[in-house]
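Novice: The amino acid sequence is not available; the structure is as follows:
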């Protein structure tokens, strides 16, 4: 991983090519990051067509605003993921709010017809919206963290939690000592714990911003 202030050469060169308006650069960027963008978008939105639409929106934004990427703050991959996550959370928030508002309007109509004059519970709906957004955001952050962590840690987590191996079986499968398997699992879990950070649910870890 690049040190702060020493960005990967490919990242800076790609930004320069995009700034010059090279369509081939956008195609190369799409080939490299489309699966990441679509996967994060789908994890938040849980809708294939919405994820497709958001993927197009992300790459359109990158094409139109390549100058908003600052190589000094982190890799281009992280910036693209941050942008995707932020836009997906914004869209989810708008979609859920619209759905809740529609249900609230239906409740208002029912209440008016019954003559009681009461509408829906705005506070409860706002809390439901925030729960939905935060749950999707945490899940997407966790996916991103797993994809980004070093391969040895990722392999240990996948064996332990997706294939239900204990640390002894994990050690055997990976060809490492039991102490090393425990160390990898502990480090992997520590990284995953950052998915639940309460700071900004719309931003994956590791980049200062993708506005």
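Specialist: Looks like it came in fine. What you are looking at is a predicted structure, and each value in this text was computed from that prediction instead of being measured.
Novice: pLDDT below threshold where in the chain?
Specialist: For the chain, the stretches with pLDDT under 70 are 1-7, 103-122, 125-126, 128, 162, 194-211.
Novice: Which residue ranges of it form strands?
Specialist: With DSSP state E, there are no strands along the chain.
Novice: for it, what spans make up the helices?
Specialist: Per DSSP state H, the chain carries helices over the ranges 9-19, 23-45, 48-64, 76-114, 122-148, 151-157, 167-174, 178-193.
Novice: so which of those gets nearest residue 70?
Specialist: For the helices of the chain, proximity to residue 70 was assessed by Cβ to Cβ; helix 76-114 is nearest, at 7.9 Å. All C-beta spots, glycine's among them, are computed from the backbone N, C-alpha and C.
Novice: got the buried residues for stretch 11-20?
Specialist: Neighbour counts over stretch 11-20 (16 or more other Cβ atoms under 10 Å) mark 11, 14-15, 17-18 as buried.
Novice: before we move on, the earlier item: could you dump the helices of the chain into a markdown table with distance to residue 70 added?
Specialist: Shown next, in a markdown table, are those (distance: least, Cβ to Cβ, whole Å):
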| stretch | distance to residue 70 |
| --- | --- |
| helix 9-19 | 9 |
| helix 23-45 | 16 |
| helix 48-64 | 14 |
| helix 76-114 | 8 |
| helix 122-148 | 19 |
| helix 151-157 | 27 |
| helix 167-174 | 37 |
| helix 178-193 | 24 |
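Novice: Before I go, just wanted to say thanks for your time.
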